[in-house]
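Asks: what shape does this take:
(2 chains)
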There are 2 protein chains.
Amino acid sequence: MWMIDMNNNSKREHVKVEYKIKVFDIGAGLPIIVLNETEAKQRDLFVGDRVEMEYKGKTTSAIVDTSPSMVKEGEVGVFIEIVDALKCMPGDRVVITPLGKPASVDYIRRKLDGNELHASEIEEIVKDLMANKLSEAELAVFVAGVYARGLNAEETVSLTNAIMQSGDTLDLGVSPVVDKHCAGGVAGNRTTMVVVPILAAAGAYMPKTSSRAITSAAGTADTMETLCNVSFTSDEIRDIVLKTHGCIVWGGGAHLAPADDKLIRIRYPFRLDPRGMLLASIMAKKKAVGSQFLVIDLPIGRGTKFEDPSKAKELAKDFIDIGNRLNIKTQVFLTDGSDPIGYGVGPALECKDVFEVLQGAGPQDLFNKSCLLAGSLLEAAAIAPKGSGYEMAVGIIKSGKAFQKLREIVEAQGGSRNLSVDDLPIGKYKAEIYAEMDGRVDHISNSKIARIARAAGAPKVKGAGCVLKCEHGDRIRKGEVIIEIYSDSEAKLDYALKVAQEVNPVEFQKIVLGEYNKNNF
Amino acid sequence: MWMIDMNNNSKREHVKVEYKIKVFDIGAGLPIIVLNETEAKQRDLFVGDRVEMEYKGKTTSAIVDTSPSMVKEGEVGVFIEIVDALKCMPGDRVVITPLGKPASVDYIRRKLDGNELHASEIEEIVKDLMANKLSEAELAVFVAGVYARGLNAEETVSLTNAIMQSGDTLDLGVSPVVDKHCAGGVAGNRTTMVVVPILAAAGAYMPKTSSRAITSAAGTADTMETLCNVSFTSDEIRDIVLKTHGCIVWGGGAHLAPADDKLIRIRYPFRLDPRGMLLASIMAKKKAVGSQFLVIDLPIGRGTKFEDPSKAKELAKDFIDIGNRLNIKTQVFLTDGSDPIGYGVGPALECKDVFEVLQGAGPQDLFNKSCLLAGSLLEAAAIAPKGSGYEMAVGIIKSGKAFQKLREIVEAQGGSRNLSVDDLPIGKYKAEIYAEMDGRVDHISNSKIARIARAAGAPKVKGAGCVLKCEHGDRIRKGEVIIEIYSDSEAKLDYALKVAQEVNPVEFQKIVLGEYNKNNF
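Replies: As a prediction, this is how the structure comes out:
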């Protein structure tokens, strides 16, 4: 049963031991094996240790977990991941050899100790992350280390490059390639679907990847999906962009910067957004598609990620610095994100706004903000002279070329060419929320509107969501409609109404902000 | 399917949803449930989120994991932990309600942010740790946060108290209660089994809990187990100590400071020993048994945890400070830990040394060190006048009372009363290692000796291990026996011999440390 590999000169003897396979017919997410606790200790194997598993000439690496009861001595419990890798069956005998910890665990610890990591060390961490060689706990320590100790500009560039290299890269071989990014959190902020057609119509190339909603009512990818497919390989994205000058696809569908998705999964439970990781995450996706000019929209104000504008300014500075080091000319706008943009909140309802804006009408705020962002890219890419980008963007919309371009892109992404507002699958069940008093609208909460829209079914139900019938500053009379809710089922509509009643998304201006008399001091 | 609990006034609506149980017939270690990935997103539930599960009036809390394939929409995958808690069957319908994150996750993050934690916050973290409410990743971030930001003395005391309160406490109602601790890593350093009987024979109470080996050849608990049972409840420990004045039991067997075992499991993969956690870990166990006087043995030197004596000095200072705050009068000895203590390495072989020392013979280093530690406790507890503790300890051994006391303790722990050296189950297969040259012994590696002893079967095989036939400074002739190896099987003995040949545990003094001539500069 015991064999020593005497040819191995490393300090640790490599003892190979045979185990009988016991299959747990589920996935574990990571290549985990379960050994009997007592026996594992006896063999110096502990939770988190790495081993190599060998079966009929095939090998795979795995992470050790132990249990006092799930497996007997001499047995190894394996999940689907290992069965797939080794093509083994219950009762088969595999040989297990202890491996050292990957060097990346040392690098993670070096970061936690406050050291600067070399590019090669960061690369190794991301490589092992992609190869599922690091446990959740080890990755959590990596995120915690970056959070507590920070990444300097060089480390951030290294992390960006490592994340970018974790997947495909798009080499369009054309110029200028432009891109935009928005930090998110503002309901209805669908500028991408206006900016991309403007830039593409103006002759730039805009291979735009977008995200799906996590807690919002719709991500740009969810909204675009109302019109056409959004999941493409990087080769398909290349073809679409070379043909139409633009695309609006789901970033998670292509194999672009996939390490980022894994890091986000780790960061999520703690809401930890270490700045270096945030920067690298965004810039890696831009670098992976070959962007040369980038405009970033950082919404600030009540309810956004940046209630404190000074933090947004610092981040803006970092974006420009890191962009510079990556040869991406970057411009950042801090925008007012306290209230939703446009009328519709939910995939199809947002498409309606986009269609109307591209036809020169629709909500003014979405129109203006889109032209501002598009204008800055037109100037950066030297398509518009300095100071005339905004006007050029407006002109491209008014000429009808932008709407025409969106239809071309939709068609290239497998949608139908002549979609109009009437084709949008707006939910057929509708409810209205009325003002309960006279007053002036002081604030509409992005997150509360998103919760109502989600309760109605968004983003999965494309036609579900809210339409805002009022905006910040409007004077409203009791009984007027302030919000419409759409859904595909009465049950969901009822539920959304209950959520709306509970969360109360529209705040009216108050005159009296507190009442005091001698009795309550 | 959707129900809102409108009576709940918290900000998050508590949506209850019914799911069909799918049972995975294995343990997960934590109360984890698996939801369909798409559906979970739709309901704002993400990996790491907490939910309450309700079935026939029983409720339990669980942590969400998601999978695209393991469960279908409307299904919830549960492991043995949840089945045990709810007594549910496959196909049963349970109601799942989202819960907020436990507040302890915020406290963990506050530590990572560099804040000082209040006693109540540390208590909450340890409480949630014990209730399995924190994921491995969250606990890893806690350890990383304590490591990166440190704990001040007050926080360390809070953590000590919280760990102590995580289990039973022993209230003996007698005095003086004495204790000792050794930082470990020195092979054969079995002073506890000498010190406890001396102190108990002198009238002090010594409720000693010890650990099992992790990477060494034997922990004190493994060694004592050669003679008798070492797993007792805290009530049983109380009875044994009140009857015999002492015990030597396995700390992991009693429900004393159990939170510590969980923290060690998290710390292990990274070899992270944040000082505050190390201090709290040790002191909590002492506090839990009501210790008043404590002596700590910190081995320093080559191959120990403290190659740098200045770090050991700092730790000694902290031990005394924290001891003071906890009303445990603490004294620390930095001892030479470069080479093994005694002759035997492995449970039964170490017992042999202990028996011989208690009969006034055996290895001098074990005899002297034990009397030094015992003497300091005799003086601290005012049993011996200042300056005469060592002499008193020697006297108690020479009088035969200490050996008599060990036999009493062994009997109280279920062993046989009149055990002698001949009764020890020394392995019947023996091999010898010979010196390959003349020379003076310069160093014997603790970790290499431990590896050989483990290869021979220790600590599981009680009679397996090594006997050192030489020590630091001895002049040896080629062909003399320097190590004996014992085991219960020829195969293990062969394996241990191969390990011994590979690791070469005994270093001889060298005269020439390098050879240079004009050709190799």
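
Asks: wouldn't A:Asp353 be in contact with A:Gly342 here?
Replies: Yes. Contact status for A:Asp353 versus A:Gly342: in contact at 4.2 Å, counting by CB atoms under 8 Å. All C-beta spots, glycine's among them, are computed from the backbone N, C-alpha and C.

Asks: shared neighbours of those two, which are they?
Replies: Common neighbours of A:Asp353 and A:Gly342 are listed as A:188, A:190, A:362-363, A:366 (criterion: CB atoms under 8 Å, 6 or more residues apart in numbering or on different chains).

Asks: out of those, which touch chain B?
Replies: For chain B, no contacts are drawn from those by CB under 8 Å from any CB of the partner chain.

Asks: mind putting those in TSV, pLDDT included?
Replies: Below are these laid out as TSV (pLDDT from 0 to 100):
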residue	pLDDT
A:Gly188	90
A:Arg190	94
A:Gly362	93
A:Pro363	96
A:Leu366	96
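
Asks: out of those, flag the one nearest to chain B.
Replies: Distance to chain B across the shared contacts of A:Asp353 and A:Gly342 (CB to the nearest CB) is lowest for A:Gly188, with 19.1 Å.

Asks: number of residues surrounding that closest one?
Replies: Neighbour count for A:Gly188, taken as other CB atoms under 10 Å in any protein chain shown: 31.

Asks: next step: the shared contacts of A:Asp353 and A:Gly342 restricted to helices.
Replies: Counting by DSSP state H, the shared contacts of A:Asp353 and A:Gly342 place A:Leu366 in helices.

Asks: mind giving me the ChimeraX select for the shared contacts of A:Asp353 and A:Gly342, buried ones only?
Replies: Buried members of these, defined by 16 or more other CB atoms under 10 Å in any protein chain shown, are picked up in ChimeraX with:
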select /A:188,190,362,363,366
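
Asks: low pLDDT regions in chain A?
Replies: Residue ranges of chain A with pLDDT under 70: A:1-15, A:42, A:269, A:513-515, A:517-521.

Asks: now the residue in the stretch 351-500 of chain A positioned nearest to chain B: which helix or strand?
Replies: At 4.8 Å from chain B, A:Tyr495 is the closest residue in the stretch 351-500 of chain A, using CB to the nearest CB. Element membership of A:Tyr495 [criterion: DSSP states H and E] is helix A:490-503.

Asks: buried set for the strand or helix carrying A:Ile125?
Replies: Here A:Ile125, judged by DSSP H and E, is contained in helix A:119-130. Of the residues in helix A:119-130, A:121-130 count as buried by neighbour count, 16+ other CB under 10 Å.

Asks: can you list those in TSV and add distance to chain B?
Replies: Supplementary listing: those in TSV, determined by distance: CB to the nearest CB, whole Å:
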residue	distance to chain B
A:Glu121	16
A:Ile122	18
A:Glu123	21
A:Glu124	16
A:Ile125	14
A:Val126	18
A:Lys127	19
A:Asp128	14
A:Leu129	14
A:Met130	18
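
Asks: just send those back as CSV, with distance to A:Lys22 too.
Replies: Shown next, in CSV, are the buried residues of helix A:119-130 (distance: CB to CB, whole Å):
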residue, distance to A:Lys22
A:Glu121, 37
A:Ile122, 38
A:Glu123, 37
A:Glu124, 33
A:Ile125, 32
A:Val126, 33
A:Lys127, 31
A:Asp128, 27
A:Leu129, 28
A:Met130, 28
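
Asks: which of those residues sit farthest apart?
Replies: Maximum pairwise distance in the buried residues of helix A:119-130, criterion CB to CB, is 15.3 Å, between A:Glu121 and A:Met130.

Asks: wait, A:Ala464 sits on A:Ala491?
Replies: No. The pair A:Ala464 / A:Ala491 is not scored as a contact, 12.0 Å apart, by CB under 8 Å.

Asks: so these two - more neighbours on which side?
Replies: Taking other CB under 10 Å, A:Ala464 and A:Ala491 do not tie; A:Ala464 has more neighbours (33 against 13).

Asks: please report phi then psi for the more buried one.
Replies: phi -90, psi 150 (degrees, to the nearest 10).

Asks: spit out the contact partners of the residue nearest to the spatial centre of chain A.
Replies: Nearest to the geometric centre of chain A sits A:Ser211, at 4.8 Å (CA atoms, centre = their mean). If a contact means CB under 8 Å, 6+ apart, then A:Ser211 has A:184, A:219-221, A:250-252 as its contacts.

Asks: just give me the closest of the buried residues of helix A:119-130 to B:Glu379.
Replies: Once CB to CB is applied, the member of the buried residues of helix A:119-130 that ends up nearest B:Glu379 is A:Glu121, at 51.8 Å.

Asks: so what touches stretch A:479-491?
Replies: A:346, A:349, A:426-435, A:441, A:449, A:452-453, A:456-457, A:461, A:463-470, A:476, A:493, A:496-497, A:500, A:505-506, B:1-2.

Asks: show me these that map onto strands.
Replies: A:429-434, A:441, A:465-468, A:476, A:506 (DSSP state E).

Asks: ChimeraX command to pick out the buried ones of those residues?
Replies: Applying 16+ other CB under 10 Å to the ones in strands among the contacts of stretch A:479-491, the buried members can be selected in ChimeraX as follows:
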select /A:429,431,433,441,465,466,467,468,476,506
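
Asks: can I get the ones in strands among the contacts of stretch A:479-491 in TSV including distance to A:Ala103?
Replies: Output for those, formatted as TSV (distance: CB to CB, whole Å):
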residue	distance to A:Ala103
A:Tyr429	58
A:Lys430	59
A:Ala431	59
A:Glu432	61
A:Ile433	58
A:Tyr434	64
A:Val441	58
A:Gly465	49
A:Cys466	51
A:Val467	55
A:Leu468	53
A:Ile476	63
A:Val506	55
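
Asks: biggest separation within the ones in strands among the contacts of stretch A:479-491, which pair?
Replies: The widest separation within the ones in strands among the contacts of stretch A:479-491 (CB to CB) is 25.6 Å, between A:Tyr429 and A:Val441.

Asks: what angle do the helix holding A:Tyr495 and strand A:429-434 make?
Replies: Between helix A:490-503 and strand A:429-434, the angle comes out at 20 degrees (axes from the mean of the first three to the mean of the last three CA atoms, to 10 degrees).

Asks: let's see helix A:490-503 as PDB, backbone CA atoms only.
Replies: Below are the C-alpha coordinates for helix A:490-503, written out as PDB (Å, rounded to 0.1, in the frame of the first residue of the first chain):
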ATOM      1  CA  GLU A 490     -52.000  39.000 -12.000                       C
ATOM      2  CA  ALA A 491     -50.300  37.300  -9.100                       C
ATOM      3  CA  LYS A 492     -47.000  39.000  -9.700                       C
ATOM      4  CA  LEU A 493     -48.700  42.300 -10.200                       C
ATOM      5  CA  ASP A 494     -50.400  41.900  -6.900                       C
ATOM      6  CA  TYR A 495     -47.200  41.100  -5.300                       C
ATOM      7  CA  ALA A 496     -45.500  44.100  -6.900                       C
ATOM      8  CA  LEU A 497     -48.300  46.300  -5.600                       C
ATOM      9  CA  LYS A 498     -47.800  45.100  -2.100                       C
ATOM     10  CA  VAL A 499     -44.100  45.700  -2.300                       C
ATOM     11  CA  ALA A 500     -44.800  49.200  -3.600                       C
ATOM     12  CA  GLN A 501     -47.200  49.900  -0.700                       C
ATOM     13  CA  GLU A 502     -44.600  48.700   1.700                       C
ATOM     14  CA  VAL A 503     -41.500  50.500   0.300                       C
END
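
Asks: list the buried residues in that helix.
Replies: A:492-500, A:502-503.

Asks: ok, A:Val178 to chain B distance?
Replies: To chain B, A:Val178 is 31 Å away according to CB to the nearest CB, to the nearest Å.

Asks: the helix or strand harbouring that residue packs against which elements?
Replies: Assigned by DSSP H and E, A:Val178 belongs to strand A:178-182. Counting contacts by 3 or more CB pairs under 8 Å, 6 or more residues apart in numbering or on different chains; DSSP states H and E, strand A:178-182 packs against helix A:192-201, strand A:206-210, helix A:275-288, strand A:293-300, helix A:364-380.
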